[in-house]
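**Q** A predicted structure for the sequence below; I have some questions about it.
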Amino acid sequence: MDSMSLAMVVLIVLGLAWANGANDIAKGVATLMGAGVSSAKQALAWGAFCTTLGGLAAVIWGAALLKAFSSGYVSADFPITEAFIFGSLSGALFWLLIANLKGLPVSTTHALLGGIVGAALMIAGPTGIKTGAVTYKALLPLLLSPLIAILLCWGLILVFRQFSKTTPQWQPGCCEESEWHEDPYRCAPTPSKLVLKQRRIWHLLHWLSAGATSFARGMNDVPKIAAFLLITLSAQDGNIFGEYTSLLVICTVTITMVFGGLWGGMRILHVLAGKVTRMDEKQGLIANLGTSSLVLFASPLGIPVSTTHVSTGSLMGIRWGDKQKPHENDALKSILIAWLVTLPFAGSIAALTTFLLQR
């Protein structure tokens, strides 16, 4: 690969990391804003910090995902060409840019998988793909993970209701019911030390759970994007980075992702914080526990779950567990449609790009 092509790969990978940050950074901290615990800027700052830690942790725990997205879904003799790399990346990047403009929280994992499949089919046909790996190691986890998140959060709601017996209940006249949902302790008869201590504990747990979700997101997404730049650099003659290539690539992708989130994450934050489900602080904590536990379990094993699907599934579990009805400006329908469109759209763009590059 000549220097111009290498520079283009670097730019596209960093552009994908930037777009991923803008679309995904809110998915760990939306519950903080949705429950009225923090402002949008505070939530994004906390998400950026914890995403950075998660991205750097991918140096240690991201090897399985790096391998999966560099060569795990194509056949052993498949040629990793410039057309394949450009095609795979362009499909994912184009879809993410559209999603960011429309304010849709979509899955980078899903888009990358669609890009890989679309480009591989255009180059080698069905024989170029490991059908079993794509089906059972990628598509199945992507489909099942939001369902598991829904059931997990539904179950956590039932458990947490046992603890809610000690929480002050809303009484007409003590405050507006919407204010009580944001902070139930407003209706406490007296601000005793015990009540204040309970409030501080819930606040702390919620912030920590949001941080854990952002950490898991960084550890899950960084290696998937870094894999394309890593295989490109590793194939270069006289690679000047040597054994430090993985470290430098992961750090670069992480930093780009975080700045992309700080720059453009506000739109998706408002969608997830207020247009999927109403929530109080305990419900936000439940959603974060469901998301972070599933993603942290899957990432070191190389299982490409989507943080987007899991976090939205967690919010849906809260919504259905509390029997909330659809409300004005409900974003759930458009989110579900985007889930269905992501893979075929990214795959089609990847196939088209690959076809044009091969001519």
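**A** Okay, I see it.

**Q** ok, how many other residues are close to the residue nearest to Cys153 when sequence neighbours are not counted?
**A** Among residues not flanking Cys153 along the chain, Gly317 sits closest, at 3.1 Å (CB to CB, 6 or more residues apart in numbering). C-beta here means a position set from N, CA and C on the backbone, and glycine is covered the same way. Residues lying near Gly317 (other CB atoms under 10 Å) number 27.

**Q** Any figure for the gap between Gly317 and Gly155?
**A** Relative to Gly155, Gly317 is positioned 9 Å away (CB to CB, to the nearest Å).

**Q** Quickly list what's touching both of these two.
**A** Residues touching both Gly317 and Gly155 by CB atoms under 8 Å, 6 or more residues apart in numbering: none at all.

**Q** what element comes up after the lowest-mean-pLDDT helix or strand in the chain heading to the C-terminus?
**A** Lowest by mean pLDDT, DSSP states H and E among the helices and strands of the chain is helix 177-182, with a mean of 63. Remark: after helix 177-182, the chain's next helix or strand is helix 193-234, criterion DSSP states H and E.

**Q** and the closest residue to Phe215 other than its chain neighbours, helix, strand or coil?
**A** Distances taken as CB to CB, 6+ apart place Gly54 nearest to Phe215, at 3.9 Å, with adjacent residues excluded. Classification of Gly54 using DSSP: H, G, I helix; E, B strand; the rest coil returns helix.

**Q** quick one: low-confidence parts of the stretch 151-300 of the chain?
**A** Along the stretch 151-300 of the chain, the parts satisfying pLDDT under 70 run over 161-173, 177-196, 237-243, 276-278, 280.

**Q** re the thing from before, show the contacting residues for the residue nearest to Phe215.
**A** Neighbouring residues of Gly54 by CB under 8 Å, 6+ apart: 214-220, 222.

**Q** Quick one, grab the pLDDT at Phe94.
**A** Note on Phe94: pLDDT of 95.

**Q** which residues touch it?
**A** Counting by CB under 8 Å, 6+ apart, Phe94 touches 346, 349.

**Q** Would you mind measuring from it to Ala45?
**A** To Ala45, Phe94 is 29 Å away according to CB to CB.

**Q** Please apply the same query to Asp24.
**A** Taking CB to CB, one finds Asp24 at 16 Å from Ala45.

**Q** The two: which has the busier surroundings?
**A** The neighbour comparison of Asp24 against Ala45 (other CB under 10 Å) goes to Asp24, with 31 against 14.

**Q** Surely the more buried one is in contact with Val222?
**A** No. Applying CB atoms under 8 Å as the test, Asp24 and Val222 come out as separate, 10.7 Å apart.

**Q** Do I have it right that Gly72 meets Ala133?
**A** Yes. Look at Gly72 against Ala133 with CB under 8 Å: they come within range, at 5.9 Å.

**Q** between the two, who's got more neighbours?
**A** Taking neighbours as other CB under 10 Å, Gly72 and Ala133 compare with Gly72 leading, 19 against 15.

**Q** quick one: contacts for that one?
**A** With contact set as CB under 8 Å, 6+ apart, Gly72 has these partners: 130, 133, 137, 302.

**Q** now stretch 51-60: how far from the chain's centre is it?
**A** 14 Å (CA atoms, centre = their mean, to the nearest Å).

**Q** same deal with stretch 2-17?
**A** With CA atoms, centre = their mean, you get 23 Å for stretch 2-17.

**Q** Now it: average pLDDT?
**A** 91.

**Q** could you dump that stretch to CSV, C-alpha only?
**A** Extracted in CSV, the C-alpha atoms of stretch 2-17 (Å, rounded to 0.1, in the frame of the first residue of the first chain):
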residue,chain,number,x,y,z
ASP,A,2,1.5,3.4,-1.0
SER,A,3,1.7,6.4,1.3
MET,A,4,-1.4,8.1,-0.2
SER,A,5,-3.6,5.0,0.3
LEU,A,6,-2.2,4.5,3.9
ALA,A,7,-3.0,8.1,4.7
MET,A,8,-6.6,7.6,3.4
VAL,A,9,-7.0,4.5,5.6
VAL,A,10,-5.8,6.5,8.6
LEU,A,11,-8.2,9.3,7.9
ILE,A,12,-11.2,7.0,7.4
VAL,A,13,-10.4,5.0,10.6
LEU,A,14,-10.1,8.2,12.6
GLY,A,15,-13.3,9.5,11.0
LEU,A,16,-15.1,6.4,12.0
ALA,A,17,-13.8,6.7,15.5
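
**Q** Any chance you could list what contacts that stretch?
**A** With CB under 8 Å, 6+ apart, stretch 2-17 has contacts from 1, 82, 85-86, 89-90, 92-93, 96, 108, 222, 225-226, 228-229, 232-233, 236, 252-254, 256-257, 260.

**Q** List only those of those residues flagged as buried.
**A** Buried subset of the contacts of stretch 2-17 (neighbour count, 16 or more other CB atoms under 10 Å): 1, 82, 85-86, 89-90, 92-93, 96, 108, 222, 225-226, 228-229, 232-233, 252-254, 256-257, 260.
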